[in-house]
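A.B. asks: Sequence first, then the predicted structure, then my questions.
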Amino acid sequence: MSETESPTIAYYTVVEDERTGWTGGLLLLNGGGRPLEFQCTLPVRPTKAHEILFGVTLRDHLIGEVIGPLLVRKCRTPIALLCCDQPESLKIETRTRCPVALVEEAALSDEGPIDDESILGSTRVELAGATLRVPMEQCERVQKLAAQLIDLPDATEPFDRIREAIREAQSQIARAQATRAQATRTQASHLPPPAAA
Amino acid sequence: MWKQNSAGELRAEIDTVNSWHDDSLVPADIFRMPIKSIQPKSLPLKVSKLSAKATGFLFPEANQWTPPVSPSLPSNRKKRKRVANLQRHRIKPPNEVVKLQDRLYYLLQPPLDSLVGSGQLNFPFDPFPYQLDGIAFLFPRYAAVLADEMGLGKTMQAISTIRLLLCSGELRSVLLVCPKPLVTNWLREFEVWAPEIPVTAIGGNASKRDFQWRSPEVPVKIANYELLMRDKETVLDSGLHFDLVALDEAQRIKNRNSTTSEIIRAIPRTRSWALTGTPVENSPDDLVGIFDYLSPGYLKVGMPMNQMAKASRDYILRRTKDMVMDDMPPKLYRDAELDLTPEQWATYESAESEGVIQLEELDQELTIQHVFELVLRLKQICNFDPATGSSSKLERLVADMEEVTASGKKAIVFSQWVNSIEKMKPALERFGPLEYHGRVPHKKRDGVIDQFKHDPDCNVILMSYGAGSVGLNLQFCEYVFLFDRWWNPAIEDQAINRAHRIGAKGAVTVTRMLAMNTIEQRIASVLDEKREMFDMLFSEKDPSAKPAKGGGLTRDEIFGLFDLRAPGGKKVA
């Protein structure tokens, strides 16, 4: 099967940072694991009111309803399979036609071991040495896709790429902000002193 | 309440006003108490709908990577198991790439480890992790110096990166320039590491070469430095453009004013790489010469060394075997500090004193060439007494060779002079000596190496630095003798690395022969300083942490070997 015929696979994760906020990234790869498209959000910063009113559902809302669907919508290349490492992302399935899978090994560090009870109605599909949790009704479809994605080198590593890219973007934003602040300070120091009352 | 009457009797009476009875607790009537109604006020707490803004980019279509199909490499399409905690070798953008999208382009590429053996990037042998680091270093760079120590596989790293860039469509035409004797080596290495890539070595008559230069169907062209001089017009003025020009043994252009350097700098190109194990041979200014090719004007002659090291750090990748090869056998240095034989000493003393007197008599006519001549004469006496042939070094070498041969090992002996090599040979006859130097015809040289490798009776090969210091793999040798010292520590290292390279069987013992209290000892101390300079320029650490120290055998230092006064200059110690 040629590269152009192999299905695309998208990786989605959200990085939460106390200082900058919630930033989502979606990386679309070809069947060989090479990047085709990257979409990411600017950091979303919920207010205190959001935190109080949404309570524990805030994370669910941001990952599954705000950031994820937006990135999937923005992606210009058709997605055959969407992989995530946060269970909250599974909700995106209601907003997209492609199956959404949770990569167990990638979710492990934050979520602990994933079993049948932690994600009800899901089943397992193997992909590039990793285990995908997919809704039972999507099992067959994902299995077919996995069979086509035999050249994918690693099913968990792309999350690292997204996080690295988000870190890079955040550090650029921080540098730009620092430069602007410095410029403002310099400008202020050149202003004439206020006239005496 | 109690009251006392006139008779003094106490009487109890009920105070009806202030007393109560339990019946009075039950109201006999209905009481009304009006309460003011509470009017709640709504306080609106508005929370905006949480929304996000997204931005993104597509990767250029050309980079959708078409894996090379090679019949000679086995396809690995079976299911692979994921290796936990795999060490990742990622392509990191260089500092010169500023735009976020450009930086992300590199960061979002898959790690090289995951491509190796995945069917997308096959190698005939598993690369060492540091070699993947080298590929990750070269891949994004438009200006780079790969300055790994000899023997670490600069060629393989360059070829593999070129292969990746060709496959991803970032390169279409590559020019590789190397010294003439290494052209066949490059062709061979391409055959091993990138068999699917068409490569041609430019050669033959003028019309053939002209055709080769212009053939677009061969993406990689190999030319030697000398040939570039001949084909200068074709390369520079006929509209050719290369996506990459890579220089092997790039120290060849360290002299910025040489014709070679001028031609190389003028080749129309997009990317410029320099490969060299010795980016600095004599002085930090050598690096300026190389950078004039990579990024003209970025480094300047006379720049403080720590400043130069800092500025060039992002462009240079330098690893030594000690740094990267955990399994590399050690290299053991042994300084054989020898006293000259009485015959040698007598000749040496008179030659030195007479020579110095002659130099002093030259006064204003004294040139550096005169000093060099004396140095060479004295060094030769340190090897052999010209009158008697007596040599303390040879005595020591014969004794050491007994041991080497007894343990079934082989040795390489390096000397600056073919004459010295020829004088050694009779005394080493029982060790089956072979010669490899400028007087051995090129056609016979491969046969000599072959015999040395396979003939159990040949235990020693006598080499000149010039002929034997590059391009030979003699890792089956565990002993190296430097019969005399070369002027430049980098050349000595190259010589030693013939034996101490990947595949070496055991520890390599390097014996440096040094005639005490002679010119050799003085030169050795200058060489040590040069090593320090090299270490400082290419140290991983912050160069500002170390004091700047001069290096190189300067004009004054050469005169200083004899405590002479340089014409027009002050006396140097």
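C.D. replies: Done, it's in. Numbers count the residues shown, from 1 in each chain, chains lettered A, B, ... in the order given.

A.B. asks: biggest helix in chain A by residues?
C.D. replies: Ranked by number of residues, the top helix in chain A under DSSP state H is helix A:157-190.

A.B. asks: Please point out which parts of that one sit buried.
C.D. replies: Neighbour-count burial for helix A:157-190 flags A:157-166, A:168-170 (criterion: 16 or more other CB atoms under 10 Å in any protein chain shown). Every C-beta, even on glycine, is put in place using the N, C-alpha and C of the backbone.

A.B. asks: out of these, who's near chain B?
C.D. replies: A:157, A:158, A:160, A:161, A:162, A:164, A:165, A:168, A:169 (CB under 8 Å from any CB of the partner chain).

A.B. asks: The second one: what's it in contact with?
C.D. replies: Think residue A:158. Each residue near residue A:158 by CB atoms under 8 Å, 6 or more residues apart in numbering or on different chains is listed here: A:11, A:27, A:29, A:33, A:83, B:110.

A.B. asks: Can you check the pLDDT for it?
C.D. replies: You'll see residue A:158 listed with a pLDDT of 95.

A.B. asks: And for the fifth one?
C.D. replies: What the model reports for residue A:162 is a pLDDT of 97.

A.B. asks: picking that back up, ok, and the most crowded of the contacts of residue A:158?
C.D. replies: Using other CB atoms under 10 Å in any protein chain shown as the neighbour test, the contacts of residue A:158 are led by residue A:83, with 28 neighbours.

A.B. asks: I figured that residue hits residue A:8, correct?
C.D. replies: No. The criterion here is CB atoms under 8 Å, and residue A:83 misses it with residue A:8 at 11.2 Å.

A.B. asks: Only alpha carbons, please: show stretch B:363-375 as CSV.
C.D. replies: C-alpha atoms of stretch B:363-375 as CSV (Å, rounded to 0.1, in the frame of the first residue of the first chain):
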residue,chain,number,x,y,z
ASP,B,363,71.0,38.4,12.3
GLN,B,364,68.5,40.4,10.2
GLU,B,365,68.5,37.8,7.5
LEU,B,366,67.3,35.2,9.9
THR,B,367,64.0,33.6,8.7
ILE,B,368,61.7,31.1,10.1
GLN,B,369,62.9,28.7,7.4
HIS,B,370,66.5,28.8,8.9
VAL,B,371,65.1,27.8,12.3
PHE,B,372,63.0,25.0,10.8
GLU,B,373,66.1,23.6,9.1
LEU,B,374,67.9,23.4,12.4
VAL,B,375,64.9,21.9,14.2
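
A.B. asks: and stretch B:281-297, how far out from the chain's middle?
C.D. replies: In terms of CA atoms, centre = their mean, to the nearest Å, the centre of stretch B:281-297 is set 15 Å apart from its chain centre.

A.B. asks: Now do the end-to-end distance for it.
C.D. replies: Counting by CA to CA, to the nearest Å, you get 20 Å between the two ends of stretch B:281-297.

A.B. asks: Got the phi and psi for residue A:15?
C.D. replies: Main-chain torsions, residue A:15, degrees, to the nearest 10: phi -100, psi 120.

A.B. asks: for residue A:23, that is, sorry about that
C.D. replies: According to degrees, to the nearest 10, residue A:23 has phi -120, psi 130.

A.B. asks: list the buried ones in the lengthiest helix in chain B?
C.D. replies: The longest helix of chain B (DSSP H) is helix B:342-362. Residues B:343, B:344, B:345, B:347, B:348, B:351, B:352, B:355, B:359 are the ones in helix B:342-362 that count as buried (16+ other CB under 10 Å).

A.B. asks: gap between the fifth one and chain A?
C.D. replies: Spelled out, that is residue B:348. From residue B:348 across to chain A, the span is 64 Å (CB to the nearest CB, to the nearest Å).

A.B. asks: Not counting sequence-adjacent ones, nearest residue to that residue?
C.D. replies: residue B:381 (4.7 Å; CB to CB, 6 or more residues apart in numbering or on different chains).

A.B. asks: Hmm, the one you found is touching residue B:349, no?
C.D. replies: No. Using CB under 8 Å, residue B:381 is not in contact with residue B:349; the gap is 9.6 Å.
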